[in-house]
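K.L.:
Here is a sequence together with a model predicted from it:
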Amino acid sequence: MSKSTTEPSRHDVVIIGAGFSGMLLIHRLRDELGYDVKVLERGEDVGGTWFWNRYPGARCDFESEFYSYSDEEIQQEWDWSERYAAQPEILDYINFVADRWDVRRSIEFDTTVTSAAFDEERDVWIVETDRDATFEARYLIAATGNLSVPSEPSFPGMETFTGPIHHTGRWPKGGVDFSGQRVAVIGTGSSGIQSIPLIAEQAAELTVFQRTATFTVPAANRPLTERERQVTKQNYPVLREAATHTRAGILGEQPIGSFADVDPVLARGELERRWRTTGLGVAATLNDTLVSEVANEFVSQFVRDKINQIVKDPATAKLLEPHDYPIGTKRLALDTGYYETFNRSNVSLVSIRETPIERFSRHGIVVDGHEHEFDAIVLATGFDAVTGALERIDITGRGGQSLTDAWSEGARSYLGLAVHGFPNLFTVTGPGSPAVLTNVLASIEHHVEWISDYLEHLRREGVSRTEATAEAQADWVARVAELASHTLYPKAASWYMGVNVPGKPRVFLAYLGGFGHYRTACSEVAASGYPGFAHAHSVRESAARETERVNA
Ligand code: NA7
């Protein structure tokens with residue numbers, strides 16, 4: 001911990017992260033409720049995930065008109081150009097909102113939080129940073145994002161490679177010019193799938209190293225018409241409200257029934273229609289795709305057939321066919337021309353399933369004794385998702401307990417919002433919430449609203465310390481695990497399960513009961529006076545109140 005030599009900067013609330021969540025927290029808590037807030041942000045500007053993930057092809061995979069704040073003024077003013085906006089447009093939007101809400105005056109940029117310790121005497125968090133600055137606040141809110149810490153595998157000899165190595169999640173600000181170069185991409189998750197078609201267009205040669213073939217469906221991205229924008233704008237409140245009742249926090253195609261009840265010819269036709277027009281709607285065609293192996297296999301095989309139709313070389317098509325997990329149990333990727341890219345003469349695919357990367361050399365990558373030579377290497381290897389950002393901060397709660405120890409057997413949380421042993425700490429879209437399975441903007445708005453309401457409740461009640469009880473947390477963790485156990489999700493080695501990071505405990509990190517039910521559960525807690533949280537007054541404040549009482 002780098003202890004500051006100067007007086008701490010004192011606030012009501014310290015927030016870590018200035019992405020979509022941190023910005024909304026400033027607006028809600030500072031502008032609407034009058035709290036003194038301070039946001040600490042590692043980057044040099046706002047944007048979070050969308051600040052860092054500047055790789056070619058990066059775009060959202062929920063429709064932009066809804067992958068955005070529901071603020072009426074802003075949603076009426078902003079025009080989205082495409083169904084799924086690309087990263088530069090999303091970052092422009094974030095900057096537009098940052099100016100409108102004047103958030104930057106509450107943010108310390110280029111500031112990495114190194115530790116946070118709860119002072120039980122005063123009921124405040126003491127937050128240290130990598131700069132000579134300490135911050136104190138009654139409440140600490142982690143708005144650290146689920147996909148913010150890149151997972152960078154360390155291959156032997158990596159340091160000997162003479163060319164540049166870029167991680168998709170830390171892409172250089174000015175972009176990268178691959179013209180005329182021999183380029184390697186390692187990783188075929190969403191980031192690889194989005195960037196590979198564009199890198200292939202620019203590079204002289206592109207070699208894709210694939211460990212697991214991923215299910216991906218066409219995004220069916222296209223420009224939005226003025227008419228479409230108008231209709232959405234006229235109906236925003238009702239559309240947003242309806243979305244909060246859905247499983248994923250977004251209105252989309254509804255299932256046509258379960259595998260057993262639907263005529264396979266009809267189901268196949270519906271899959272065909274959705275493949276061409278609806279992106280993620282493919283996986284929602286049957287309502288039991290994520291719980292029934294036969295239903296899942298039907299949809300999985302449909303996608304494999306598509307791959308074989310699109311990819312001309314049968315051996316490459318075979319390698320691209322996903323067989324390692326049921327469709328939907330890892331995040332379904334949305335692509336623009338991914339499978340078609342493998343028909344290009346400058347693109348080749350190397351499977352590293354059976355023969356993993358042995359090492360990097362000065363000039364490239366060695367697999368199965370063969371050296372592939374490259375000018376540049378792209379790591380599209382994903383993130384230490386959901387818990388990574390918090391576990392990199394030395395967080396100490398009540399009794400000197402560290403968060404890393406508390407989560408050593410998997411992240412535990414009450415409602416995905418609070419952690420037993422860590423009073424006055426809230427996590428936006430935290431583990432145990434459904435956030436990563438939803439349109440995350442809907443989840444962020446819900447959490448910010450819930451936390452703000454709760455802070456107001458605590459303020460009204462004169463409470464200085466709140467903590468999730470061990471029992472409430474245990475019940476919630478059991479509920480999350482129980483829901484997952486009835487699905488096919490645990491069959492995939494996914495980042496939802498923490499499996500992609502070596503040594504991370506294998507625990508399903510998201511609530512599978514659906515966004516609508518989750519909201520209801522959170523509302524019920526609020527409406528019943530926040531059961532599952534223990535409230536107290538700080539030792540000092542209680543003493544002050546007692547003195548006041550005696551003097552009166
Ligand atoms: P993902 O989805 O975690 O994908 C990472 C990819 O990198 C995946 O294909 C991995 O293979 C591969 N990978 C990771 N480590 C290695 C090593 N050591 N060797 C070879 N290959 C490796 O991350 P993304 O950034 O693509 O997407 C994250 C989310 O962003 C996505 O879900 C959307 O929500 C947006 P594996 O499958 O583990 O075998």
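P.N.:
Noted; the coordinates are in hand. Residues are numbered from 1 along each chain as shown.

K.L.:
what's next to stretch 213-224, contact-wise?
P.N.:
Stretch 213-224 has contacts (CB atoms under 8 Å, 6 or more residues apart in numbering) with 59, 61, 65, 80-84, 188-190, 192-193, 275-280, 282-283, 300, 303, 319-324, 327-328, 330, 332-336, 338-339. Yep, even glycine has a C-beta here, placed from its N, CA and C like the rest.

K.L.:
Just those: which are in helices?
P.N.:
Per DSSP state H, helices hold the following members of the contacts of stretch 213-224: Ser190, Gly192, Ile193, Trp275, Arg276, Thr277, Ser300, Val303, Leu319, Leu320, Tyr338, Tyr339.

K.L.:
Out of these, which are close to the ligand?
P.N.:
The overlap between the ones in helices among the contacts of stretch 213-224 and the neighbours of the ligand (CB under 6 Å from any ligand atom) comes to Ser190, Gly192.

K.L.:
Would you mind writing the PyMOL command to select the buried ones in the ones in helices among the contacts of stretch 213-224?
P.N.:
Of the ones in helices among the contacts of stretch 213-224, the buried ones go into a single PyMOL selection, burial set by 16 or more other CB atoms under 10 Å:
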select buried, resi 190+192+193+275+300+303+319+320+338+339
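
K.L.:
For Leu239, state which of the ones in helices among the contacts of stretch 213-224 is nearest.
P.N.:
Relative to Leu239, the closest of those is Thr277; by CB to CB it sits at 18.8 Å.

K.L.:
hang on, the earlier thing: from the ones in helices among the contacts of stretch 213-224, pick the one nearest the ligand.
P.N.:
Taking CB to the nearest ligand atom as the measure, the ligand lies nearest Ser190 of the ones in helices among the contacts of stretch 213-224, at 3.6 Å.

K.L.:
Test my guess that the closest one contacts Tyr338.
P.N.:
No - assessed by CB atoms under 8 Å, Ser190 is found out of contact with Tyr338, at 10.3 Å.

K.L.:
Any idea how many residues pack against the spatially closest residue to Asn53 that is not a sequence neighbour?
P.N.:
Closest residue in space to Asn53, ignoring its immediate chain neighbours: Gly169 at 5.6 Å, by CB to CB, 6 or more residues apart in numbering. Gly169: 23 surrounding residues under other CB atoms under 10 Å.

K.L.:
Wasn't Gly169 part of a helix?
P.N.:
Yes - counting by DSSP: H, G, I helix; E, B strand; the rest coil, Gly169 is located in a helix.

K.L.:
The ligand versus that one, what's the distance?
P.N.:
To the ligand, Gly169 is 6 Å away according to CB to the nearest ligand atom, to the nearest Å.

K.L.:
and what of Val448?
P.N.:
If you go by CB to the nearest ligand atom, the gap between Val448 and the ligand works out to 20 Å.

K.L.:
pLDDT wise, what is the closest residue to the ligand within the chain at?
P.N.:
The ligand sits closest to Gly189 of the chain, with a gap of 2.0 Å, by CB to the nearest ligand atom. Among the per-residue scores, Gly189 shows a pLDDT of 96.

K.L.:
so it sits right up against Leu332, yeah?
P.N.:
No - Gly189 lies out of contact with Leu332 (CB under 8 Å); the separation is 10.9 Å.

K.L.:
Longest helix in this structure, please.
P.N.:
Longest helix of the chain, by residue count under DSSP H: helix 440-461.

K.L.:
what comes up buried for that helix?
P.N.:
For helix 440-461, the neighbour count (16+ other CB under 10 Å) marks 440-448, 450-455, 457-458 as buried.

K.L.:
After that helix, which helix or strand is next?
P.N.:
For helix 440-461, the following helix or strand on the C-terminal side (DSSP states H and E) is strand 465-468.

K.L.:
Ala435 touches Ser443, doesn't it?
P.N.:
Yes - Ala435 is within contact range of Ser443, at 3.9 Å (criterion: CB under 8 Å).

K.L.:
anything in contact with each of those two?
P.N.:
The contact sets of Ala435 and Ser443 overlap at Thr429 (CB under 8 Å, 6+ apart).

K.L.:
Any residues of the stretch 51-200 of the chain in contact with the ligand? List them.
P.N.:
Contact residues, the stretch 51-200 of the chain versus the ligand (CB under 6 Å from any ligand atom): Leu147, Pro153, Thr168, Ile186, Gly187, Thr188, Gly189, Ser190, Ser191, Gly192.

K.L.:
if we go to 5 Å?
P.N.:
Residues of the stretch 51-200 of the chain lying near the ligand by CB under 5 Å from any ligand atom: Pro153, Gly187, Thr188, Gly189, Ser190, Ser191.

K.L.:
which ones are touching Gln210?
P.N.:
Per CB under 8 Å, 6+ apart, neighbours of Gln210: Thr188, Leu319, Leu320, Leu349, Val350, Ser351, Ile352, Arg353.

K.L.:
Which strand residues bridge it?
P.N.:
On the basis of DSSP bridges, Gln210 is bridged to Ser351.

K.L.:
Tell me the pLDDT of it.
P.N.:
So Gln210 comes in at 98 (pLDDT).

K.L.:
For Pro153, give me phi and psi.
P.N.:
Backbone torsions of Pro153, given as degrees, to the nearest 10, read phi -70, psi 150.

K.L.:
Contacts only, for it.
P.N.:
Applying CB under 8 Å, 6+ apart to Pro153 gives the contacts Ile186, Leu379, Thr381.

K.L.:
Now do the same contact list for the residue nearest the centre of the chain.
P.N.:
Closest to where the C-alpha atoms of the chain average out (CA atoms, centre = their mean) is Asn146, at 3.5 Å. By CB under 8 Å, 6+ apart, the contact list for Asn146 reads Phe383, Ala385, Val386, Thr429, Ala435, Val436, Val440.

K.L.:
got it, and Phe118?
P.N.:
Val124, Trp125, Ile126, Thr396, Gly397, Arg398, Phe422, Pro423, Asn424, Leu425.
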